[in-house]
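>>> Generate a structure from the sequence data that follows.
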Amino acid sequence: MECKIISRAGQTLARGKLFLQHEEDGKMRLNLKTNRGTLIKGGIVSDDGDLRTASDELFNNCFNYWGMSNLTLSINIR
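Modelled structure (predicted):
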């Protein structure tokens with residue numbers, strides 16, 4: 001899925017893609033790869049497919065990368 005990360009001021013910080021990555025233990029991880037090549041890892045997707053924990057970890061890592069809170073993830077499905 002194509003997406004963009006937007007600051008609370010409305011500035012687009014990055015454009016990229018959300019994707020699921022297979023881990024060695026068979027689990028799936030939610031990640032974001034920006035168009036400039038930065039990989040921001042999210043968390044592991046629950047066995048029931050719930051993305052809450054995975055997306056919480058992704059947003060924590062986005063905060064660590066950009067040093068900003070209140071980021072918005074805008075998704076465009078094509």
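>>> So L13 sits against S7, correct?
Yes. In this structure, L13 sits in contact with S7. The criterion is C-beta atoms under 8 Å, and the distance is 5.6 Å. No exception for glycine: its C-beta is placed from N, CA and C like everyone else's.
>>> May I ask you to confirm that L20 is in contact with L30?
Yes. Look at L20 against L30 with C-beta under 8 Å: they come within range, at 6.2 Å.
>>> residues shared between the contacts of the two?
With C-beta atoms under 8 Å, 6 or more residues apart in numbering applied, the overlap between the contact sets of L20 and L30 consists of V45.
>>> between those two, who's got more neighbours?
Between L20 and L30, counting by other C-beta atoms under 10 Å, L30 is the more crowded of the two (21 against 14).
>>> Direction included, what does the helix or strand the more buried one falls within pair up with?
Assigned by DSSP states H and E, L30 belongs to strand 28-34. Each strand paired with strand 28-34, and its direction, by DSSP bridges: strand 12-22 (antiparallel), strand 39-44 (antiparallel).
>>> Most tightly packed of the ones you listed?
Across the strands paired with strand 28-34, the average number of neighbours (mean count of other C-beta atoms under 10 Å) peaks for strand 39-44, which reaches a mean of 18.
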